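**Student:** Pasted the sequence and its predicted model underneath.
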Amino acid sequence: MSADQYAGDLTPREAWDLLAADEHAVLVDVRTDAEWRFVGVPDVSTLGQGVAFIEWSRYPSGQINADFVADLARTGLQPGDGRPVVFLCRSGARSRNAAAAATEAGFGPAFNITEGFEGGVDEHGHRGFEGWRAAGLPWRQP
């Protein structure tokens with residue numbers, strides 16, 4: 001999937017700046033419920049905003065959430081409303097697919113956070129050296 005299928009890619013800091021600059025922008029975390037509970041979640045409350053939590057793929061099956069677009073609409077977003085939607089996952093892969101699906105359904109502009117919440121893996125198979133948390137952006141453990 002290429003960036004021309006959605007509005008573009010943002011670093012975590014660029015995503016934060018967009019959310020801070022536009023009170024109508026929405027952050028959607030597309031990780032699984034297990035990831036939210038055990039890894040942590042972004043916190044945009046200091047911006048006067050919340051986070052929409054919508055699984056892109058279901059845990060533990062890994063199947064794509066067939067209700068994803070309907071779940072987006074349940075957040076109050078509407079196709080064609082022009083509200084920026086910023087998608088976040090663990091490393092930027094699921095969120096890229098979510099941004100493309102949202103764009104196809106008429107939501108957005110839709111953006112992907114390239115490094116996700118935890119980033120990719122290093123040479124030891126560990127995450128956490130990049131992403132939302134590593135950028136020092138607010139997050140919490142539910």
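**Tutor:** The structure has been received and is ready for your questions.
**Student:** low-scoring stretches of this structure, by residue?
**Tutor:** By pLDDT under 70, the low-scoring segments of the chain are 1-3.
**Student:** what ranges do the strands span in it?
**Tutor:** 8-10, 26-29, 41-42, 51-53, 85-88, 110-113, 139-140 (DSSP state E).
**Student:** So what touches the first one?
**Tutor:** Translated: strand 8-10. A3, L18, V86, G92, R96, P109, F111, N112, I113, T114 (Cβ atoms under 8 Å, 6 or more residues apart in numbering). (Glycine included, C-beta is placed from N, CA and C.)
**Student:** ok, so of the residues you listed, who is nearest Q78?
**Tutor:** For Q78, the nearest member of these is P109. The distance, counting by Cβ to Cβ, is 13.8 Å.
**Student:** Quick check, the closest one in contact with P84.
**Tutor:** Yes - the criterion here is Cβ atoms under 8 Å, and P109 meets it with P84 at 5.4 Å.
**Student:** thinking again about what came up before, quick one: the contacts of strand 8-10 as a markdown table, columns for distance to E123 too.
**Tutor:** Formatted as a markdown table, the entries for the contacts of strand 8-10 read as follows, by distance: Cβ to Cβ, whole Å:
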| residue | distance to E123 |
| --- | --- |
| A3 | 27 |
| L18 | 32 |
| V86 | 30 |
| G92 | 19 |
| R96 | 24 |
| P109 | 36 |
| F111 | 29 |
| N112 | 25 |
| I113 | 23 |
| T114 | 20 |
